[in-house]
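Undergrad: sharing a model that was predicted from the sequence below.
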Amino acid sequence: MIRLFVVDAATDSILRELLPGDVINPAEFPTDNFSILAEVDGGIGEQSLVFSVDGSEVKTENLEPYALFGDDSGDFDGGAIFADGPHTITATAFSATDGNGAPLSTITLAFDVASVTVPTISISTPIAGDDIVNAQEASAPLEISGTSTNVQDAQLVVCFLDGQQFTSTVTDGQWTVTVPPNVLAGLDQGSHEITADVSDIEGVPAAQASATFALDTVPPPAAEITGFGTDTGVVGDGTTSDTTPTLQGTAEAGGTVEVFDGGASLGIAVVNAAGNWTFAAPPLGVGGHAFTAIARDAAGNTGPASQTFALTIEDGPSAIHLFLVDAATDQVLREILPGELINPADFANDNFAVLAEVDGAVGESSLVFYVDGVAVKT
């Protein structure tokens, strides 16, 4: 008994057994990679096998495997597939080499070659926008969409996700399946594959499409605010005169933190690979501030708010300007600048004086003058 098989010579793979009335699509065999393999069952002692197509001898093989266009120890040679239309193939085993001797077994099959436009299907990626489904996304139905070509409207699309089936139909080359939240809740954390299959109205299947996404619904730990700069007051007393302090903290590496002052969002900082972040606050008002930070991981999951970090911003010291005064005339002569030289000859009869002026309303109650480090006047 002889059986015939359709072979893809490009991959040396047997695609299927050739049966009477089969239809072979040339689109399956680009670049002349078509072949047919004959297998002789039963150990009949054949020494050769002869292929004939449409009554004409095509190939004689003396050694297994017996291939329509020959082979090199199982590395199949490919040939051009036959023209569209009906064909017959005959394979005959002989008792001697080169098709000589007695015929031991023969098979003749009729088949058709028909050019069929092969359908295709694809899954649109990235799934969920970034191929990661986070907790918020998993709480709502997850839509997985795709496209198809050469597939008629209303053809069934079948998708599988972790063994669970979801179906849709093609409309204008588009399709969508919906995975409900309860299914997502039952999936393990990590990577998952979804497949999609479709056939055209004649039953010709498209090559299966597949895509992967990661399920990550675990929130990050709470961020921490660990300090600030610049601390212009007593270090550690939680006060500063810096109205744009830079907050510092820690959070899950690779994520972000959103910084709040009370209930108002101030902005977002990126967490580096070491899990550290800094945030330069915008100008803030004088008074008490209660900062918190909320971490978001790379998947978009949100962690709990940090502990409140209290900081008081105080009025900074106002600038004090010193002026040279002639006390005899009570005339302000000029502002005293660093490194300036004062000539005593300008001030006869002890008429030298210095005037201090404080910019801004800081509410001062006194002012002390120091000369060479010694307080001389309050």
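TA: Ah, there it is. Numbering: from 1, shown residues only.

Undergrad: domains in this structure, by residue range?
TA: Domain ranges of the chain: 2-113, 120-215, 224-313, 320-377, per automatic domain parsing.

Undergrad: these into JSON lines, with extra columns for mean neighbour count and mean pLDDT?
TA: From N, CA and C alone the C-beta is placed, and that goes for glycine too. Converted to JSON lines, the domains of the chain look like this (neighbours: other Cβ atoms under 10 Å; pLDDT from 0 to 100):
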{"stretch": "domain 2-113", "mean neighbour count": "16", "mean pLDDT": "92"}
{"stretch": "domain 120-215", "mean neighbour count": "16", "mean pLDDT": "96"}
{"stretch": "domain 224-313", "mean neighbour count": "16", "mean pLDDT": "94"}
{"stretch": "domain 320-377", "mean neighbour count": "11", "mean pLDDT": "77"}
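
Undergrad: how much space between the residue positioned nearest the centre of the chain and Ala10?
TA: Taking Cα atoms, centre = their mean, the centroid of the chain lies closest to Asp130, which sits 4.5 Å from it. Asp130 is 36 Å from Ala10, where distance means Cβ to Cβ, to the nearest Å.

Undergrad: equivalent analysis for Thr147, please.
TA: On the measure of Cβ to Cβ, Thr147 and Ala10 end up 26 Å apart.

Undergrad: do the same with Ser148
TA: The value you get for Ser148 to Ala10, if Cβ to Cβ is used, is 25 Å.

Undergrad: now do Ala273
TA: For Ala273, the distance to Ala10 equals 45 Å [Cβ to Cβ].

Undergrad: next: Val270.
TA: Taking Cβ to Cβ, one finds Val270 at 49 Å from Ala10.

Undergrad: if you drop the residues flanking it in sequence, what lies closest to Val332?
TA: Distances taken as Cβ to Cβ, 6 or more residues apart in numbering put Phe323 closest to Val332, at 4.9 Å, once the chain neighbours are dropped.

Undergrad: touching, that neighbour and Ile342? I think so.
TA: No: Phe323 is beyond contact range of Ile342, at 11.9 Å (criterion: Cβ atoms under 8 Å).

Undergrad: need the residues touching each of those two.
TA: Common neighbours of Phe323 and Ile342, counting by Cβ atoms under 8 Å, 6 or more residues apart in numbering, are Ile336.

Undergrad: hang on, the earlier thing: the residue nearest to Val332 - that's part of a strand, no?
TA: Yes: under DSSP: H, G, I helix; E, B strand; the rest coil, Phe323 falls within a strand.

Undergrad: report the beta-bridge partners for it.
TA: Beta-bridge pairing for Phe323 (DSSP bridges): Glu335, Leu355.

Undergrad: contacting residues for it?
TA: Phe323 touches Val332, Leu333, Arg334, Glu335, Ile336, Val354, Leu355, Ala356, Glu357, counting by Cβ under 8 Å, 6+ apart.

Undergrad: out of the residues you listed, which is nearest to Asp372?
TA: Val354 (13.5 Å; Cβ to Cβ).

Undergrad: residue contacts, Leu355?
TA: Leu355 makes contact with Leu322, Phe323, Val325, Val332, according to Cβ under 8 Å, 6+ apart.

Undergrad: spatially nearest residue to the third one, not counting backbone neighbours?
TA: This means Val325. Once flanking residues are discounted, Val325 sits nearest to Ala353: 4.2 Å by Cβ to Cβ, 6+ apart.

Undergrad: next SSE after the helix or strand where the one you found lies?
TA: Here Ala353 sits within strand 352-358, counting by DSSP states H and E. Using DSSP H and E, the helix or strand that directly follows strand 352-358 along the chain is strand 369-371.

Undergrad: just checking, what packs against that following strand?
TA: strand 374-377 (3 or more Cβ pairs under 8 Å, 6 or more residues apart in numbering; DSSP states H and E).

Undergrad: strands paired with the helix or strand harbouring Val7, and their directions?
TA: Using DSSP H and E, Val7 maps to strand 2-8. Sheet pairing for strand 2-8, assigned by DSSP bridges, gives strand 13-17 (antiparallel), strand 34-40 (antiparallel).

Undergrad: now the shortest one - C-alpha only, CSV.
TA: Output for strand 13-17, consisting of C-alpha atoms alone and laid out as CSV, is shown next (Å, rounded to 0.1, in the frame of the first residue of the first chain):
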residue,chain,number,x,y,z
SER,A,13,7.7,19.3,6.9
ILE,A,14,4.8,17.0,6.0
LEU,A,15,1.6,19.2,5.9
ARG,A,16,-1.0,16.5,5.5
GLU,A,17,-1.9,13.3,3.7
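
Undergrad: and after it, which helix or strand comes next?
TA: Downstream of strand 13-17, the next assigned helix or strand under DSSP H and E is strand 23-24.

Undergrad: gap between Asp231 and Ser52?
TA: Separation of Asp231 from Ser52 (Cβ to Cβ) stands at 96 Å.

Undergrad: hmm, back to that, from the contacts of Phe323, pick the one nearest Leu266.
TA: Nearest to Leu266 among the contacts of Phe323, with distances taken as Cβ to Cβ, is Glu357, at 36.3 Å.

Undergrad: was I right about Thr97 contacting Val50?
TA: No: at 10.9 Å, Thr97 does not count as touching Val50 under the criterion of Cβ under 8 Å.

Undergrad: next, work out how far apart the residue nearest to Val332 and Arg334 are.
TA: Relative to Arg334, Phe323 is positioned 7 Å away (Cβ to Cβ).

Undergrad: helix or strand for Val183, which one?
TA: Assigned by DSSP H and E, Val183 belongs to helix 181-185.

Undergrad: contacts for that helix?
TA: For helix 181-185, the surrounding residues in contact (Cβ under 8 Å, 6+ apart) are Val133, Ala138, Ser139, Ala140, Pro141, Leu142, Leu161, Gln164, Leu215.
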